[in-house]
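dropping a prediction and its sequence here:
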Amino acid sequence: MKRLAMIVALGLACSGAALPARAAGEGGSIASKVDIFGDLGALSVTDLRASRRNNLLRVQATITNSSSRKTNFQYRFRWLDADGFVVGEPGVWKPEVIVGNGDRVIDAGALNFKATDFKLELKDPNAKASSYHNGSTADNPPYR
């Protein structure tokens, strides 16, 4: 987990990505916006952008596979209000595959005008809940 957090932080520094202050939340780093469930190996979030369209929050993330093998993962977004409370349902886990040394751009939009912040949740589809960080489960993550 620490290794992945370092990779994510390094990806932010190298990409020069910036999040708008309203969507960035505390710190504004990629690592502060991503929750990982299981071991995603060579996957890292290398770019993360947020903006407002028609007063709804939109997010776009680039996930990079630095391995030479294809990697499966699942993702979803959790939308948060100005006080950090979850707004609406997070939706279903969406499966993705990234070829070796490739990347994938994923995006989503909040369905509620109250959403001012977000968490991108990434999950290893083969991991057991006991391997998630902080003893949480993918359906009940540890929000601060």
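Looks like it arrived, so ask away.

sheet-wise, list the partners of the helix or strand containing residue 61 with their directions.
Residue 61 is part of strand 56-65, with elements assigned from DSSP states H and E. Strand 56-65 has its sheet partners listed here by DSSP bridges as strand 43-53 (antiparallel), strand 103-109 (antiparallel).

next secondary structure after it?
Next helix or strand after strand 56-65 toward the C-terminus (DSSP H and E): strand 71-80.

worst-scoring helix or strand of the chain, pLDDT-wise?
helix 21-24 (a mean of 37; mean pLDDT, DSSP states H and E).

from the strands paired with strand 56-65, which stretch is densest packed?
For the strands paired with strand 56-65, the largest average neighbour count (mean count of other CB atoms under 10 Å) is found in strand 43-53, namely a mean of 20. (Glycine included, C-beta is placed from N, CA and C.)

quick one: low-confidence ranges for this protein?
Filtered on pLDDT under 70, the chain yields the residue ranges 1-28, 129-144.

picking up where we left off before, for the strands paired with strand 56-65, which one sits closest to residue 82?
Residue 82 lies closest, by CB to CB, to one member of the strands paired with strand 56-65: strand 43-53, at 13.4 Å.
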